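**Q** Build me a model:
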Amino acid sequence: MTQKTVTQAEVRLSTTNLTADIGFFTKVLGMRMDRIYPADDPKVASFSGHGLHVRLDGDLGGAAGQLVFVTDDREFADGATDLTSPGGTIVTVEPRNVPLIMPETNHSFVVRRLADQAPWVIGRAGMHYRDLIPDRLGGSIIASHIRIPDGGPVPDMVHYHKVGFQLIFCYKGWVDVVYEDQGGPIRLTAGDCFIQPPEIRHRVLEASDGIEVIEIGVPAEHVTEIDHDMLLPTSVINHDREWDGQRFVHNVADGAEWSDFRLPGFVARDTTIAANTHAVAGVQVIRKGAGDPVWASHDADIHFTFVMEGSFTLEGDGQPPHILSAGDAFVIPPQMRTRYADASDDLELLEVALPGVFTTQV
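**A** Numbers count the residues shown, from 1 in each chain. As a prediction, the model looks like this:
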């Protein structure tokens, strides 16, 4: 198929006052007027600037259009952020790098059971998403159970996320991902996890049939941006690089050391995430150990757990017992006393806590 070449593409907007709009677009918005016609009674004028081509048409009619300018220049449009041209065009000026807003956590006790048949929705790159924290604790966190039913190449692009913290934990299958400054593709297999530091460029390449991952993002609402310029893998390899104080982590389950968990009756393996994020978050995998479970509470801001294997009974003050099994998830608010009772021998839990260092009272 022959490639078609377009000389120029314009945004067409209506105007009710072309004469006044000429001054607005050239003087206030700093654009250049490229053409105007007819000469005796102008109805149409075209402008260019800031990577944009705009055609104002006095005969177009209809609702006013809207333009958004993204800039860190505080002097642009004399510092105004919301303007309306004389001819009706609505203009909004936004900062190029919008500050990341971390909402205050709305603490609540949450139990999300796979048996409740929470709906799977189609998300980015054709992946299926299941929400594990419906209320998202007031917008402070999103926890997603993600699956790709049919494996093979993933139609992904180089992109990055504007987040405070992001975890990818492989629950089932495997997935190949390539990351900025980390060399060639890395295969994440069941039990392994990645920490994706804020704004690290990456691309999902290929996945196995039935791949499932648990993805944690803080805050819940964050922007994903496509990087059309960076090619991965990068020529530079720098495993010690930090993005906003966090290092990239590829933690491998195979051969990991297990030690006593902070709660009697369980053992755990640390994924080193607390150490590599300056304790922004901590991630541990927990199994049944020796001894009896006890009642305990914590002072973490966010304490999320996903049941990967086995079953147990989650007991909590003021709550009926919840018998949980693989695919279920729960959030324990600070200071709430709970106990993990009747754990099966094959129990395996994924625990994510923010911050990564907190106090447990037994």
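**Q** Phi, psi for residue 137 please.
**A** Here is the backbone geometry of residue 137 (degrees, to the nearest 10): phi 50, psi 40.
**Q** Name the spans of the chain whose pLDDT lies under the cut-off.
**A** Scanning the chain for pLDDT under 70 picks out the ranges 1-4, 6, 117-118, 123-126.
**Q** How is it divided into domains?
**A** Following automatic domain parsing, one gets these domains for the chain: 11-94, 114-251, 259-361.
**Q** Settle this for me: residue 293 is touching residue 261, isn't it.
**A** No. Taking C-beta atoms under 8 Å as the definition, residue 293 is not a contact partner of residue 261, at 10.5 Å. All C-beta atoms are positioned from the backbone trio N, CA, C, and that covers glycine.
**Q** re the thing from before, quick one: closest of the domains of the chain to residue 103.
**A** Closest to residue 103 of these is domain 114-251 (C-beta to C-beta; 4.0 Å).
**Q** now the closest one, how far from the chain's geometric center?
**A** 8 Å (C-alpha atoms, centre = their mean, to the nearest Å).
**Q** Okay, and the beta partners of residue 111?
**A** On the basis of DSSP bridges, residue 111 is bridged to residue 330.
**Q** Let me see the contact set for it.
**A** Contact partners of residue 111, counting by C-beta atoms under 8 Å, 6 or more residues apart in numbering, are 314, 322, 324, 328, 329, 330.
**Q** any idea how far it is from residue 358?
**A** With distances taken as C-beta to C-beta, to the nearest Å, residue 111 is found 21 Å from residue 358.
**Q** Over to residue 115?
**A** For residue 115, the distance to residue 358 - C-beta to C-beta - is 30 Å.
**Q** the more surrounded of these two?
**A** residue 358 (17 against 9; other C-beta atoms under 10 Å).
**Q** residues of stretch 45-63 that come out buried?
**A** Neighbour counts over stretch 45-63 (16 or more other C-beta atoms under 10 Å) mark 45, 46, 47, 48, 49, 54, 55, 56, 57, 58 as buried.
**Q** Hmm, the fifth one is touching residue 31, no?
**A** Yes. Under the criterion of C-beta under 8 Å, residue 49 makes contact with residue 31 at 3.5 Å.
**Q** can you pull the contacts of the nearest residue to residue 341 once chain neighbours are set aside?
**A** Excluding the flanking residues, the one nearest residue 341 by C-beta to C-beta, 6 or more residues apart in numbering is residue 313, at 4.4 Å. If you count contacts by C-beta under 8 Å, 6+ apart, residue 313 has them with 321, 322, 323, 324, 340, 341, 342.
**Q** correct me, but the last one touches residue 312?
**A** Yes. Under the criterion of C-beta under 8 Å, residue 342 makes contact with residue 312 at 5.7 Å.
**Q** which of those two has more neighbours?
**A** Neighbour comparison, residue 342 and residue 312: the larger count goes to residue 312, with 22 against 14 (by other C-beta under 10 Å).
**Q** What helices and strands are in contact with the one helix or strand residue 217 maps to?
**A** Residue 217 belongs to strand 211-218 when assigned by DSSP states H and E. Packing partners of strand 211-218 (3 or more C-beta pairs under 8 Å, 6 or more residues apart in numbering; DSSP states H and E): strand 142-148, strand 165-172, strand 174-179, strand 302-309, strand 348-354.
**Q** Now the element after the last one, going C-ward?
**A** Which is strand 348-354. Counting by DSSP H and E, the next helix or strand C-terminal to strand 348-354 is strand 360-361.
**Q** For that next one, which strands pair with it and how are they oriented?
**A** Strand pairing for strand 360-361, using DSSP bridges, gives strand 297-298 (antiparallel).
**Q** residues in contact with the strand it pairs with?
**A** 332, 334, 335, 336, 337, 338, 353, 358, 359, 360, 361.
**Q** centre of the chain versus that strand, how much separation?
**A** For strand 297-298, the distance to the chain centre is 28 Å (C-alpha atoms, centre = their mean).
**Q** Isn't residue 210 up against residue 170?
**A** No. Assessed by C-beta under 8 Å, residue 210 is found out of contact with residue 170, at 11.7 Å.
**Q** who has more neighbours, these two?
**A** Using other C-beta under 10 Å, the more surrounded residue of residue 210 and residue 170 is residue 170, with 22 against 12.
**Q** sorry, back to before: quick check: bridge partners of the residue nearest to residue 341?
**A** Beta bridges link residue 313 to residue 323, residue 341, judged by DSSP bridges.
**Q** buried residues in stretch 21-30?
**A** Neighbour counts over stretch 21-30 (16+ other C-beta under 10 Å) mark 21, 22, 24, 25, 29 as buried.
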